[in-house]
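Novice: Prediction below, plus the sequence it came from.
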Amino acid sequence: MLLIEAGPDTPPDNVPDIIYDSYPSLAYFDPRYHWRELRVCHEAYREGGAPLKLRKFEQAKVMGGGSSINGQFALRGLPGDFAEWRAMGLEGWSFEDVLPYFKKLERDNDFEGPLHGKEGRIPIRRVFEDRWPGFTTAVHQAFQAEGFPVKEDLNADFGDGCFPMTLSNQYDRRVSTAVGYLDSATRRRANLRILADTAVTGLLMEGRKVTGVRASLPDGSEQRFEAGEVILSAGAAHSPALLMRAGIGPADHLKSVGVAVAADLPGVGGNLLEHPSISLAMHMKPEARLPEGRRRHIFMGLRYSSHLGDCPEGDMFLLPGNRAGWHPLGKQLGTFILTVHKSYSQGLLRLKSASPADEPIVAMNLASDPRDLRRLMDGMRLMQRVLAQPALKNAVNFWFPAGYSDRVRALAIPTLRNYLATGMAARLIELSGWTRDLVYRKKLNPGIDCDRLGRDDAYLTQWIAENVWPSWHISGTCRMGRGDDPAAVVDAKCRVLGIGGLRVVDASVMPTIVSANTNISTIMIGEKIAAEILAE
């Protein structure tokens with residue numbers, strides 16, 4: 001077995017501290033572990049239309065993929081997500097079918113019972129209420145005042161409520177799939193070879209069968225590797241791009257970029273799904289802030305139902321964070337991240353050219369479905385109501401709309417210049433009411449009328465259009481489906497339709513997006529397909 005990773009390896013005795021760190025935002029934005037040239041647009045794809053507004057989109061280029069840089073949230077998809085997959089004709093994908101693989105991947109440190117695993121590769125833990133800092137405790141009280149019940153086990157109680165967050169983290173250190181699955185014993189197996197810093201540039205084809213891959217080695221040379229079966233786990237941006245460069249995809253598009261068609265699969269690159277998010281930031285009073293030295297900054301989350309039209313239960317999620325950055329100003333700011341966890345907007349991925357050197361065109365079309373937009377609007381009003389609760393009014397000085405703009409991304413990279421700039425802003429906020437108001441108006445919230453966001457639908461709609469951001473949960477671009485489904489790319493065993501010797505096993509195969517962070521459900525898919533392969 002040959003494992004090829006485009007980014008660096010993280011062997012057990014050499015995991016970088018920034019990846020192990022329980023505070024995830026450093027690895028989030030460290031370009032050493034990203035596809036640096038990947039850009040996306042939040043709007044719709046317009047072939048031949050106006051130029052797209054491109055933005056950075058952090059996708060992992062490191063052993064363990066997204067699990068090595070993500071927020072370490074270990075949420076399962078909800079039972080209704082998998083009932084939806086089964087209703088689409090995907091046998092073997094009901095919640096009862098996938099539960100054994102959710103259990104197999106985990107070792108839950110806190111709870112036992114028929115819904116939990118105890119021997120898996122990924123530890124699951126929670127930080128309970130007695131160890132929460134002041135801001136999180138105040139938010140918890142405000143949620144209860146809004147009528148939300150208190151729950152304990154997010155992965156077994158699937159109702160609405162505020163829960164301690166489930167984390168893929170042990171001893172306050174990240175446990176990625178690279179750490180959990182590629183331990184020293186696994187790496188010593190005689191039948192496993194690992195090539196890191198090696199990018200797959202193409203698939204080797206004989207007719208309608210894949211026989212191996214071409215890859216660019218660290219020294220710049222290219223090599224061919226023959227295989228009885230190839231499994232693509234390149235993620236929802238790069239797996240469809242590899243298929244299309246091999247001639248597997250929508251025929252008209254392939255011809256337009258000069259790729260010979262091997263199999264006309266119109267669904268490749270379609271059905272692009274993401275969780276749209278909006279966010280607020282709050283300046284916390286000193287007693288509410290995260291104590292110095294603590295790394296973990298998100299402890300609790302609220303799952304709730306929008307009750308909008310045909311949207312399912314548990315379709316929304318709100319995360320309070322006790323820190324907005326590594327720098328002095330970030331340590332004074334709390335955050336709310338509101339996410340549509342069951343989204344319906346669909347984007348599109350297409351090739352820019354046939355060259356593997358060119359990143360694909362990724363158009364997310366965020367919040368284009370009216371249901372997604374309406375729920376973001378309602379969620380903004382919910383956040384404003386929560387902030388008006390006495391517990392939170394006593395914990396924060398002011399709040400303002402925020403998001404992951406290019407400016408915020410730039411500040412997220414630890415540099416002396418960023419430290420000095422944010423340190424000056426933090427000191428001015430604390431110095432006096434006049435300087436606090438100056439920083440607020442000139443730097444933190446230039447020109448947004450916060451009160452108007454809560455009462456003017458047109459104003460709020462415009463703000464969301466300009467500030468909605470993706471959650472790094474891109475999926476669906478090689479979706480599973482029955483053979484008679486014209487939008488399907490792989491079958492229920494993740495085999496590419498009409499092509500021999502090729503599977504796709506990553507978040508791109510999800511036919512609809514799960515109502516949760518996608519990482520744990522993606523690992524579950526890997527465990528399930530591994531069992532299918534062994535059975536064969």
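Specialist: Received the coordinates, thanks.
Novice: Quick check: Leu90 vs Asp491, distance?
Specialist: 9 Å (C-beta to C-beta, to the nearest Å). For the C-beta atoms, the positions are set from N, CA and C on the backbone; glycine is no exception.
Novice: what residues do the two have in common as contacts?
Specialist: By C-beta atoms under 8 Å, 6 or more residues apart in numbering, Leu90 and Asp491 have these common neighbours: 480-482.
Novice: Give me the buried subset of those.
Specialist: 480-481 (16 or more other C-beta atoms under 10 Å).
Novice: okay, the shared contacts of Leu90 and Asp491 in CSV with distance to Met300 next?
Specialist: Shown next, in CSV, are the shared contacts of Leu90 and Asp491 (distance: C-beta to C-beta, whole Å):
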residue, distance to Met300
Met480, 33
Gly481, 37
Arg482, 40
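Novice: And Leu90 and Asp491? Which one has more around it.
Specialist: Under the neighbour definition other C-beta atoms under 10 Å, Leu90 and Asp491 were set side by side, and Leu90 has more, 21 against 18.
Novice: Quick check: the more buried one touching Cys494?
Specialist: No: using C-beta atoms under 8 Å, Leu90 is not in contact with Cys494; the gap is 10.7 Å.
Novice: so what's in contact with those two at the same time?
Specialist: In contact with both Leu90 and Cys494: Met480, using C-beta under 8 Å, 6+ apart.
Novice: where in this structure is pLDDT low?
Specialist: 47-51 (pLDDT under 70).
Novice: got the buried residues for the helix or strand hosting Ser277?
Specialist: Following DSSP states H and E, the helix or strand that holds Ser277 is strand 276-284. Neighbour-count burial for strand 276-284, with 16+ other C-beta under 10 Å as criterion, is recorded at 276-284.
Novice: so how far is it off the chain centroid?
Specialist: Relative to its chain's centre, strand 276-284 lies at 17 Å (C-alpha atoms, centre = their mean, to the nearest Å).
Novice: For the helix or strand following it, which outside residues touch it?
Specialist: As assigned by DSSP H and E, the chain's next helix or strand after strand 276-284 is strand 300-304. The contact list for strand 300-304 (C-beta under 8 Å, 6+ apart) reads 129, 132, 136, 139-140, 143, 148, 154, 159-165, 314, 316-320, 341.
Novice: Buried members of the residues you listed into PyMOL, please.
Specialist: In PyMOL, a selection of the buried entries from the contacts of strand 300-304 looks like this (16+ other C-beta under 10 Å):
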select buried, resi 132+136+139+140+143+148+154+160+161+162+163+164+165+314+316+317+318+319+320+341
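Novice: from the contacts of strand 300-304, which ones fall inside helices?
Specialist: 136, 139-140, 143 (DSSP state H).
Novice: hang on, the earlier thing: and the strand holding Ser277, what does it pack against?
Specialist: Using 3 or more C-beta pairs under 8 Å, 6 or more residues apart in numbering; DSSP states H and E, the elements in contact with strand 276-284 are helix 134-145, strand 333-340, helix 370-387, strand 396-402, strand 469-470.
Novice: Paired strands for that strand, with orientation please.
Specialist: Using DSSP bridges, strand 276-284 pairs in its sheet with strand 333-340 (antiparallel), strand 396-402 (antiparallel), strand 469-470 (antiparallel).
Novice: what angle do it and helix 134-145 make?
Specialist: 120 degrees (axes from the mean of the first three to the mean of the last three C-alpha atoms, to 10 degrees).
Novice: Convert strand 276-284 to CSV, retaining C-alpha atoms only.
Specialist: C-alpha atoms of strand 276-284 as CSV (Å, rounded to 0.1, in the frame of the first residue of the first chain):
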residue,chain,number,x,y,z
PRO,A,276,-22.5,29.5,5.6
SER,A,277,-21.5,31.5,8.7
ILE,A,278,-21.7,35.0,10.1
SER,A,279,-20.1,36.2,13.2
LEU,A,280,-20.0,38.9,15.9
ALA,A,281,-17.2,40.0,18.2
MET,A,282,-17.5,41.3,21.8
HIS,A,283,-15.0,43.2,23.9
MET,A,284,-14.9,41.3,27.2
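Novice: quick one on the thing from earlier: can I get the ones in helices among the contacts of strand 300-304 in JSON lines with distance to Ala367?
Specialist: JSON lines is the format used below for the ones in helices among the contacts of strand 300-304 (distance: C-beta to C-beta, whole Å):
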{"residue": "Thr136", "distance to Ala367": "28"}
{"residue": "Val139", "distance to Ala367": "25"}
{"residue": "His140", "distance to Ala367": "28"}
{"residue": "Phe143", "distance to Ala367": "24"}
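Novice: Nearest to Arg189 among those residues?
Specialist: Checking those against Arg189 with C-beta to C-beta, the nearest one is Thr136 at 42.7 Å.
Novice: returning to that earlier point: go through the contacts of strand 300-304 and flag which are in strands.
Specialist: Applying DSSP state E to those, the entries found in strands are 161-164, 316-320.
Novice: Same list (the residues you listed) but as a markdown table, adding distance to Asp264.
Specialist: Conversion of the ones in strands among the contacts of strand 300-304 to a markdown table gives the following (distance: C-beta to C-beta, whole Å):
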| residue | distance to Asp264 |
| --- | --- |
| Gly161 | 47 |
| Cys162 | 48 |
| Phe163 | 45 |
| Pro164 | 48 |
| Met316 | 38 |
| Phe317 | 38 |
| Leu318 | 43 |
| Leu319 | 42 |
| Pro320 | 48 |
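Novice: quick one: which two of these are the most distant?
Specialist: Greatest spatial distance in the ones in strands among the contacts of strand 300-304: Pro164 and Met316, 18.2 Å, computed using C-beta to C-beta.
Novice: Thanks a lot, see you next time.
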